[in-house]
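Colleague: here is my input, please return the structure:
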Amino acid sequence: AGIAHEINNPVNFIFGNISYVAEYTENLLKMLHLYQQNYPNPTLEIQEQAAKMEIDYIAEDLPTTLKSMMLG
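Modeller: Here you go, the predicted structure:
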């Protein structure tokens, strides 16, 4: 029982908060896309950082990863 309790507490914490993280992520990605539409010519520094961070891949993969985590 003690071990189950120690496992369930962190799992329940993650499960209880992942929907908020998914919502926040969706909102941030929407804002990112708005910026990209309204400011299509970012500075060289922003372009380099976006490429270094693989921002396009993150924007595509992050919602899928969160959905997988919710199912898991």
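
Colleague: by contact count, what packs against the helix or strand containing T25?
Modeller: Here T25 sits within helix 2-38, counting by DSSP states H and E. Judged by 3 or more CB pairs under 8 Å, 6 or more residues apart in numbering; DSSP states H and E, helix 2-38 is in contact with helix 55-71. C-beta: built from backbone N, CA, C; applies to glycine.

Colleague: ok, now with 10 Å
Modeller: Helix 2-38 sits against helix 44-53, helix 55-71, with contacts defined as 3 or more CB pairs under 10 Å, 6 or more residues apart in numbering; DSSP states H and E.

Colleague: now do it, average pLDDT.
Modeller: Helix 2-38 shows a mean pLDDT of 92.

Colleague: where's that helix relative to the chain centroid, distance-wise?
Modeller: 7 Å (CA atoms, centre = their mean, to the nearest Å).

Colleague: now the helices and strands packed on helix 2-38 in CSV, with mean neighbour count and mean pLDDT?
Modeller: Listed next are these as CSV, based on neighbours: other CB atoms under 10 Å; pLDDT from 0 to 100:
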stretch, mean neighbour count, mean pLDDT
helix 44-53, 11, 97
helix 55-71, 12, 93
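
Colleague: wait, which of these is closest to G16?
Modeller: helix 55-71 (11.4 Å; CB to CB).

Colleague: just the C-alphas of the closest one, formatted as PDB.
Modeller: Output of helix 55-71 as PDB, limited to C-alpha atoms (Å, rounded to 0.1, in the frame of the first residue of the first chain):
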ATOM      1  CA  ILE A  55      11.000  25.500 -33.500                       C
ATOM      2  CA  ASP A  56       9.000  24.200 -36.500                       C
ATOM      3  CA  TYR A  57       9.500  20.600 -35.300                       C
ATOM      4  CA  ILE A  58       8.700  21.500 -31.700                       C
ATOM      5  CA  ALA A  59       5.500  23.300 -32.800                       C
ATOM      6  CA  GLU A  60       4.500  20.200 -34.800                       C
ATOM      7  CA  ASP A  61       5.500  17.500 -32.300                       C
ATOM      8  CA  LEU A  62       4.700  19.000 -28.900                       C
ATOM      9  CA  PRO A  63       0.900  18.700 -29.200                       C
ATOM     10  CA  THR A  64       1.300  15.100 -30.300                       C
ATOM     11  CA  THR A  65       3.600  14.300 -27.400                       C
ATOM     12  CA  LEU A  66       1.200  15.800 -24.900                       C
ATOM     13  CA  LYS A  67      -1.700  13.800 -26.300                       C
ATOM     14  CA  SER A  68       0.400  10.700 -26.000                       C
ATOM     15  CA  MET A  69       1.200  11.500 -22.400                       C
ATOM     16  CA  MET A  70      -2.500  12.100 -21.700                       C
ATOM     17  CA  LEU A  71      -3.300   8.700 -23.100                       C
END
